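S.K.: Got a predicted model here, sequence first, then my questions.
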Amino acid sequence: LVPLLVSGALLPAPQNITILSTNMKHFLVWSPLTVPGEAVKYSIEFQGEYERDYANDSWIPIGECTDISATQCDITEDISATVPYNLRVRAAQGTEVSRWATLNGLFNRVTTSLIPPMLTVMADGYHLLVELEHLGPAFEFLVLYWRKGQENQVYEKVVRDSNTTVHLETMEAGAEYCVKAQTYVEAINRSSNFSQVQCVKAAD
Amino acid sequence: PPSGASATHCTLPSPMNVHFVSKNMKNVLHWLPPEGIAAEKVNYTVKYLIYGTKKWIKNSECKDISQTWCDLSHETYDHKELYHARVKAFSNGNCSGWAESVRFNPFTDTKIDPPAFFLSSTENSISVIVTPPEKWQRAPGEEPEYLHQIYPSLQYNVTVFNKKIKKRWTFCIKNNSLEVQQLEPNTRYCVTVQIYITPLLLSGFSEEHCIDTLKDPTFKQ
Amino acid sequence: LKQLHFGHCVVSMDMYEIRKGFGEIKEMTQAQDQYTSIRLLHRSYSLQDTKTEDRCCFFHYLLKFYLANVFNQCQANSNFHQRRVSRIANNFLSIKKELTLCDTVTTCPCGKEAIHRYEQILSRFERMESHSAALKALGELDILLDWIDKTE
């Protein structure tokens, strides 16, 4: 439902404000205002639990999300603690400014959805290698690997900086090894589901 | 101050950009000459202060000097303290006000040099032994203090590049040695090493050193 | 992430987020602190050298001190500064909440040493004009973070 402005009425506040949060990247999204005349600009403010408890319920503007035309903005930089945050948006057209519209309910980054990581498993001669996608400093990867047929003996390796090809193991000639991985975010103490299992064979 | 300039009335512009350049806690103060004055005509005097104390301390080796740096490693050796330093310029009987550095915290503000390491190889393995990086030493004979004692979370990222198949692998090790086995004989491998403490405190990668795995004696060309 | 163990209570601190936030305002904050002869978090009161049994209480005091007396006193001179202080403050609050969940009566006993150390810091703080004191305390955050990093 996109609010339509009847001329002369006050600029309506943005609606349908929601948070899209995946892999610790948080975007605030809302519906565009359809109003005749100048372009509509939007601004976002946030309020952490600290601002509510210790700083007189103050709100803090997000510079990068002030007077923007888009109807979404990346607020990851400011959702930087594992506490509940309040978020609000308002519209402006020329000198006219709408009421603040506040996100329905508080947002805590602990609820972000963690996607199983993309990984590429390779055998280089006798060497078991894995390449993982780079998700930023908040992420670690728990990599599990085992020799096919010896599923009861699973090895693990925690990988932090995932920008390179990581050496997991020196394999036995001709043996097949399988690998799967999950992400782990220490700041919220949560993990993703495991990726698909990938198996490769060592040189003979 | 030198003769001619009264202690209270200095009109020279001050030195600029006074800052510490620190590598493995070798802490050298640097600055730029005052604006608009020929660099060769200016001398400097440096003082430093341990944050939280009142006294600005002279450094005898940096009194009336012409260079624009001063090694304060001795004076700032205790990395549990924080420091300020300041510089005054003198020229033709005139002087400047003090120009001060921002607060310097050796523990967090030092940069980490890439480590040295030693390579050896057999027919199908190479071994990497990293020289444990040391804090800057006051005197050559002094017992070294190792960075892993100062930063317990210190670890090494080792990359091994197989020149034949152009593939690079990364190993992350806690102690300072790594052996990579099951390699191809008679192949060149190139290695670099990085010190990693935190995402905000890490060295660059070292220079690349290469070594060949030995020829397989049983393999007839 | 740094984990502090106080008895069976484990408190985790996102040191990267806090140090990154502080690193971006450190120079401007410390440059405004003219009183270089005063150090609030004196090394003789360091957290890592506090008796193990007193560490939790002393740490709890320091968290409450920063939350109540420092962060909101530092009128941010820019949106950039305000957002960095907010990041640090909300992380401190998250840690304090974790600590409070730990049944502080048993895991965070307040012995004489903890109280004495905190009082020393508070008395130095209160001897200064309030805004200057808050600014100094904020500028000394790297000292507190170093203490935490060095606390086994």
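M.R.: That came through fine.
S.K.: Pull up the per-residue confidence for residue A:74.
M.R.: As summarised for this prediction, residue A:74 has a pLDDT of 98.
S.K.: which ones are touching residue A:49?
M.R.: A:83-85, C:90, C:93-94 (Cβ atoms under 8 Å, 6 or more residues apart in numbering or on different chains). (Glycine included, C-beta is placed from N, CA and C.)
S.K.: let's go with 10 Å and repeat that
M.R.: Residues counted as contacts of residue A:49 (Cβ atoms under 10 Å, 6 or more residues apart in numbering or on different chains) are A:81-86, A:106, A:108, C:89-90, C:93-94, C:97.
S.K.: Which residue is the nearest non-sequential neighbour of residue 192?
M.R.: With no chain named, the answer covers chain A. Of all residues not flanking residue A:192 in the chain, residue A:114 sits nearest, at 3.6 Å (Cβ to Cβ, 6 or more residues apart in numbering or on different chains).
S.K.: The chain in question should be chain B.
M.R.: Taking Cβ to Cβ, 6+ apart as the measure, residue B:192 lies nearest to residue B:205, with 4.4 Å between them; neighbours along the chain are not counted.
S.K.: What of residue B:55?
M.R.: Nearest residue to residue B:55, sequence neighbours excluded (Cβ to Cβ, 6+ apart): residue B:49, at 6.9 Å.
S.K.: ok, now which ones touch the residue nearest to residue A:109 when sequence neighbours are not counted?
M.R.: What sits nearest to residue A:109 in space, not counting adjacent residues and going by Cβ to Cβ, 6+ apart, is residue A:79, at 5.3 Å. Taking Cβ under 10 Å, 6+ apart as the definition of contact, the neighbours of residue A:79 are A:19, A:21, A:24-26, A:28, A:46, A:48, A:85, A:87, A:107-109, A:112, C:87, C:90.
S.K.: tell me which element residue A:79 is part of?
M.R.: Element membership for residue A:79 (DSSP states H and E) is empty, with no helix or strand holding it.
S.K.: Quick check: it vs chain B, distance?
M.R.: Residue A:79 is 19 Å from chain B, where distance means Cβ to the nearest Cβ, to the nearest Å.
S.K.: I'd like to know how far residue C:15 sits from residue C:147.
M.R.: Applying Cβ to Cβ, to the nearest Å, one obtains 12 Å for the distance of residue C:15 from residue C:147.
S.K.: And the two? Which one has more around it.
M.R.: residue C:147 (21 against 17; other Cβ atoms under 10 Å in any protein chain shown).
S.K.: wouldn't the more buried one be in contact with residue C:41 here?
M.R.: Yes. Under the criterion of Cβ atoms under 10 Å, residue C:147 is in contact with residue C:41, at a separation of 7.3 Å.
S.K.: What parts of chain C come near chain A?
M.R.: Counting by Cβ under 10 Å from any Cβ of the partner chain, the positions of chain C adjacent to chain A are C:1-3, C:12-14, C:16-18, C:20-21, C:67-69, C:71-72, C:76, C:78-80, C:82-98.
S.K.: now, which of those lie within helices?
M.R.: Counting by DSSP state H, the members of the residues of chain C next to chain A that fall within helices are C:16-18, C:20-21, C:79-80, C:82-98.
S.K.: which ones are touching the closest residue to residue C:79 other than its chain neighbours?
M.R.: If you skip the residues right next to it in sequence, residue C:79 has residue A:63 as its closest partner in space, 4.9 Å away by Cβ to Cβ, 6+ apart. Shown in contact with residue A:63 (Cβ under 10 Å, 6+ apart): A:43-44, A:77-78, C:78-80, C:82-83.
S.K.: Flag the least confident of those.
M.R.: residue C:78 (89).
S.K.: which stretches of chain C have low pLDDT?
M.R.: With pLDDT under 70 as the threshold, chain C has low-confidence stretches at C:75, C:103-106.
S.K.: Could you do chain A as well?
M.R.: Applying pLDDT under 70 to the predicted model, the residue ranges of chain A that meet it are A:1-9, A:161-162.
S.K.: Just give the number of residues close to the residue of it found nearest chain B.
M.R.: When distances are taken as Cβ to the nearest Cβ, chain A approaches chain B most closely through residue A:126, which lies 3.6 Å from it. Residue A:126: 20 surrounding residues under other Cβ under 10 Å.
S.K.: So which residues on chain A come close to chain C?
M.R.: For chain A, the contact set with chain C under Cβ under 10 Å from any Cβ comprises A:46-56, A:58, A:60-64, A:66, A:77-85, A:108, A:137-138, A:140, A:185-189.
S.K.: Among the residues you listed, name the buried ones.
M.R.: The neighbour-count test (16 or more other Cβ atoms under 10 Å in any protein chain shown) marks A:46-55, A:60, A:62-63, A:78-85, A:108, A:138, A:140, A:185, A:187-188 as buried among those.
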